[in-house]
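Trainee: Just need the structure, nothing else, for what follows:
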Amino acid sequence: RKIDVAPKEIYWSDAGNLVLIACEDSAYVLSYNAQVTQTAIQMGNVSPEDGIDGSFDLMYEIPENITSGKWVGDCFIYCNNAGRLNYSVGGQIQTLQHLDTSAAGTTQHTILGYLAKEDRVFLIDKTLAVTSYKIMLAVLQYQTAVMRGDFDSANQLLPAIPETEYTTVARFLESQGFKEEAMAVTTDPDHRFDLALELGHIDVAHEILDNTPDEDKDSIETMAKWKRLSDAALKVSDFDLCESASIASNDFPGLLLMYSATGNLHGMEKLAKAAAEGGKTNVAFLASLLIGDVEACAEILISGSRLPEAAFFARTYLPSRLDEIVALWKDDLSKTSESAANALASPTSNPDKFPDHAVALQVEQMFMAQRDSTKETGIPSSDYPTAKDDLDLDLIELIKSRQAQIVDEDDPAKVDAEIVLGGADAQAAQAALQAAKKVEEEAAAAAAVVEAARKAEEEAAAAAAAAEAQRIAEEEAAAAAAAAAAAAEAEAGKDDLDDFGDDW
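Mentor: Model (predicted):
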C-alpha cells in the first residue's frame, strides 16, 4: 500500500525501526526495514523518484490530529487536538487523561518527554506549567511484547506489573483477540464473567455469580447476569444450570419455555405458584392451564378483575362456577351500566340459554377425574399419537349420544353404549363413555341413599303415630275401666239401702 500525504511532523522511535507521520487529520505508523534499505544502497537500486521499494511498510493508521508525541519502545504517547492524552500500541488506542482545552476546544499541552525510572510522562501547557501523569513502563513493555507475539517475555514482565493494572492489561489482551489470556489476568469480576461467557466457560461464569456479595445479589445487574448465564447454558443443553440460573434471575418466561419443552410437570407446578406470587399473571395463567389447573386459572382472572374473560373461561372449562362468576361480573358491570348488567345470562336465571349445562357439568367431572388420576405422573409423551386425537372429541355430544342409546339402565345387557369410531378415536371415546357411566352410577347411588333416608323417615313417623294411637287407646281403656268400677260401686250401695229398707 502506498500513501500520498503531506506530513506536518515526523516522529522516529529510539530504535529507529518505527516512524509516525503526523498529518492534519490522521497519522500513519510505518515500520522501517533498515536491512533492505542498506542492501539497496549498496547495490545502487535507488530510484530518484520512488526511493527504495520495500524500505517502509504501513502498519496502521491513527485517525486523529496529533499535536505532539513521544515514542516509548514500540508505544507512541501523544496529545491530540481535542485535548486527550493517549497512547497507541499496535493500533490499539488507550486514553490516559482528558486535558484542559482552550475556549475553542483545542489542546493547550505539549509532551516534553517520558522518564522511565519515574514511570511518568511530562507535559507543558501554554502558561509553561508542567504536569505529569503515571504510565507504567512495565505495562508498555508488556503490551509491546504481546504485539510482537513474544509471550515468553510478556509472562516474565507480568509479575512486575501491579495487580491494580491487571484489568487494563486484560482489556488490551482482549482487544488483540487473546481472550483466554485476558480471562486469566483480569481481576475485575464483571470483565471475567463477560470473557467466560464469550469463551463458553459457563462453569466459571456460574462460580463468579455464586461468589457475588450478598448486598449485590438482588441488584438489576446481577439479575441480568443470571439471565445471560441461563441463555448460555440453554445453548449447550445444560438444563440443570439453565433452570437454576433462570430461578435466580426470576426468568419466568424462560422457565415456561424450558418446562413446556421438556415436559417437566412438577417444575411447571412450581412455576405457576412462583409466577403468581411474583405478579407475573400471564406466565402463571399459561403454566396453570398447561397442567390442567383450571381452578387456578379462574382465580387468576378473577383476582385480576378480568371478569368477562373469567366468565367465558368458566363457560368452557369450569361450568360449575359459571353462576358465581357471572354474578361477580354483573355486580361489577352494574357500576357502569345497570341495563348491560341485567342483560347478562346465567344457567340459574336463564336455563333456556344453556341447554347443555347439565351435560357440561358431567364433562367437567370427567375431566377432573382424569386429571386427578394422572396428577402424579402426567401423561407420557409416548401416548401422544393417540392422546392428540382427544382434542378433536366433542364430549358433550358424546355423552348426549350415549344417553340416547341407553335402553334400560336395570338390564346392562340391553344397554348399547358403544359409539362406533375409527382409529384412535375409539379408545378415547370408550374412556369418555366409561367415565360418564361412572358419573351416572355415582349420581344414582346418591339418589338411592336419599330415597332410603326418606323412606326411613316415613317409617319412623308411622311408627311414632302407631305408638301414639296405642297410648291413646290404653288411656281410653283405663278411663272406661274406672267408670265401670265406679258404676258397680254405686249399684252395690243402692242394693244395700234397699235391703235395709226392706228389713226396716
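
Trainee: for the stretch 51-200 of the chain, which spans come out with low pLDDT?
Mentor: Counting by pLDDT under 70, the stretch 51-200 of the chain contains no low-confidence range.

Trainee: Can you show me the strands along it?
Mentor: Counting by DSSP state E, counting those that start in this stretch, one finds strands in the stretch 51-200 of the chain at the ranges 56-62, 66-72, 75-80, 84-89, 92-98, 109-115, 120-125, 130-134.

Trainee: partners of the first one in the sheet?
Mentor: As defined by DSSP bridges, the strand partners of strand 56-62 come to strand 27-32 (antiparallel).

Trainee: for the stretch 301-450 of the chain, what spans make up the helices?
Mentor: Counting by DSSP state H, counting those that start in this stretch, one finds helices in the stretch 301-450 of the chain at the ranges 307-317, 322-333, 338-342, 357-373, 384-387, 395-405, 425-503.

Trainee: now residue 86, which residues is it bridged with?
Mentor: In this entry, residue 86 is beta-bridged to residue 78, residue 95, by DSSP bridges.

Trainee: For the helices of the stretch 301-450 of the chain, which has the smallest mean pLDDT value?
Mentor: Ranked by mean pLDDT, the helices of the stretch 301-450 of the chain bottom out at helix 425-503, with a mean of 64.

Trainee: Between the strands of the stretch 51-200 of the chain, which one is closest to residue 172.
Mentor: strand 92-98 (6.5 Å; C-beta to C-beta). All C-beta atoms are positioned from the backbone trio N, CA, C, and that covers glycine.

Trainee: Could you list every helix and strand in contact with that closest one?
Mentor: Under the contact definition 3 or more C-beta pairs under 8 Å, 6 or more residues apart in numbering; DSSP states H and E, strand 92-98 sits against strand 84-89, helix 166-175.

Trainee: switch the cut-off to 6 Å
Mentor: When contacts are defined as 3 or more C-beta pairs under 6 Å, 6 or more residues apart in numbering; DSSP states H and E, strand 92-98 sits against strand 84-89.

Trainee: can you list contacts of the strand it packs on?
Mentor: Here strand 84-89 makes contact (C-beta atoms under 6 Å, 6 or more residues apart in numbering) with 62, 75-77, 79, 93-99, 143, 147.

Trainee: what do you get for stretch 186-200?
Mentor: 163, 166-167, 170, 179, 182-183, 204-205, 208, 232.

Trainee: For the closest residue to residue 77 other than its chain neighbours, grab the count of nearby residues.
Mentor: Nearest residue to residue 77, sequence neighbours excluded (C-beta to C-beta, 6 or more residues apart in numbering): residue 87, at 4.4 Å. Residue 87: 22 surrounding residues under other C-beta atoms under 10 Å.

Trainee: Kindly report the same for residue 322.
Mentor: Neighbours of residue 322 (other C-beta under 10 Å): 23.

Trainee: Make sure it is actually in contact with residue 316.
Mentor: No - Residue 322 is beyond contact range of residue 316, at 9.8 Å (criterion: C-beta atoms under 6 Å).

Trainee: Quick one: distance of stretch 25-32 to the chain centre.
Mentor: Here stretch 25-32 is found 52 Å from its chain centre; the criterion is C-alpha atoms, centre = their mean, to the nearest Å.

Trainee: from now on call the first residue 13
Mentor: With the count now opening at 13, the last piece we talked about shows up as stretch 37-44.

Trainee: same question for it, mean pLDDT?
Mentor: Average pLDDT, stretch 37-44: 91.

Trainee: circling back to that earlier point, among the strands of the stretch 63-212 of the chain, which comes closest to residue 487?
Mentor: strand 104-110 (120.8 Å).

Trainee: In the closest one, which residues are buried?
Mentor: For strand 104-110, the neighbour count (16 or more other C-beta atoms under 10 Å) marks 105-106, 109 as buried.

Trainee: Nearest to residue 124 among those residues?
Mentor: Of all the buried residues of strand 104-110, residue 124 sits closest to residue 109, with 14.7 Å by C-beta to C-beta.

Trainee: Against residue 95, how distant is the closest one?
Mentor: To residue 95, residue 109 is 9 Å away according to C-beta to C-beta, to the nearest Å.

Trainee: helix/strand/coil for residue 295?
Mentor: Secondary structure state of residue 295, per DSSP: H, G, I helix; E, B strand; the rest coil, is helix.

Trainee: what sits against it?
Mentor: With contact taken as C-beta under 6 Å, 6+ apart, residue 295 is in contact with 264, 268, 287.

Trainee: Now, those that are in helices?
Mentor: When DSSP state H defines the helices, the subset of the contacts of residue 295 inside them is 264, 268, 287.

Trainee: The last one against residue 263, yeah?
Mentor: No - using C-beta under 6 Å, residue 287 is not in contact with residue 263, being 10.7 Å away.

Trainee: Tell me which of these two has more neighbours.
Mentor: Ranked by neighbour count (other C-beta under 10 Å), residue 287 and residue 263 place residue 287 first, with 24 against 21.

Trainee: name the element residue 36 belongs to?
Mentor: Taking DSSP states H and E as the definition, one finds residue 36 inside no helix or strand.

Trainee: In JSON lines: the contacts of strand 96-101, plus distance to residue 36.
Mentor: JSON lines is the format used below for the contacts of strand 96-101 (distance: C-beta to C-beta, whole Å):
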{"residue": "74", "distance to residue 36": "13"}
{"residue": "87", "distance to residue 36": "23"}
{"residue": "88", "distance to residue 36": "18"}
{"residue": "89", "distance to residue 36": "20"}
{"residue": "91", "distance to residue 36": "15"}
{"residue": "105", "distance to residue 36": "18"}
{"residue": "106", "distance to residue 36": "23"}
{"residue": "107", "distance to residue 36": "21"}
{"residue": "108", "distance to residue 36": "23"}
{"residue": "109", "distance to residue 36": "24"}
{"residue": "110", "distance to residue 36": "22"}
{"residue": "111", "distance to residue 36": "20"}
{"residue": "155", "distance to residue 36": "28"}
{"residue": "159", "distance to residue 36": "27"}
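
Trainee: Residue 297: which of the residues you listed is nearest?
Mentor: When these are ranked by distance to residue 297 (C-beta to C-beta), residue 107 comes first, at 51.5 Å.

Trainee: Can you tell me how far the closest one is from residue 176?
Mentor: 17 Å.

Trainee: So which bits of stretch 333-345 are buried?
Mentor: By 16+ other C-beta under 10 Å, the buried positions in stretch 333-345 come out as 333-334, 336-342, 345.

Trainee: which other residues reach it?
Mentor: Contact with stretch 333-345 is made by 319, 322-323, 326-327, 352-353, 356, 358-360, as judged by C-beta under 6 Å, 6+ apart.

Trainee: With only the CA atoms kept, save that stretch in PDB.
Mentor: Provided in PDB are the C-alpha atoms of stretch 333-345 (Å, rounded to 0.1, in the frame of the first residue of the first chain):
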ATOM      1  CA  ARG A 333     -68.600 -21.900  38.800                       C
ATOM      2  CA  LEU A 334     -70.300 -20.100  36.000                       C
ATOM      3  CA  ASP A 335     -73.200 -18.800  38.100                       C
ATOM      4  CA  GLU A 336     -70.800 -17.400  40.700                       C
ATOM      5  CA  ILE A 337     -68.500 -15.700  38.200                       C
ATOM      6  CA  VAL A 338     -71.400 -14.200  36.200                       C
ATOM      7  CA  ALA A 339     -72.800 -12.800  39.500                       C
ATOM      8  CA  LEU A 340     -69.400 -11.100  40.100                       C
ATOM      9  CA  TRP A 341     -69.400  -9.800  36.600                       C
ATOM     10  CA  LYS A 342     -73.000  -8.400  37.000                       C
ATOM     11  CA  ASP A 343     -72.100  -6.700  40.200                       C
ATOM     12  CA  ASP A 344     -69.000  -5.100  38.700                       C
ATOM     13  CA  LEU A 345     -70.800  -4.100  35.400                       C
END
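
Trainee: All good on my end, thank you.
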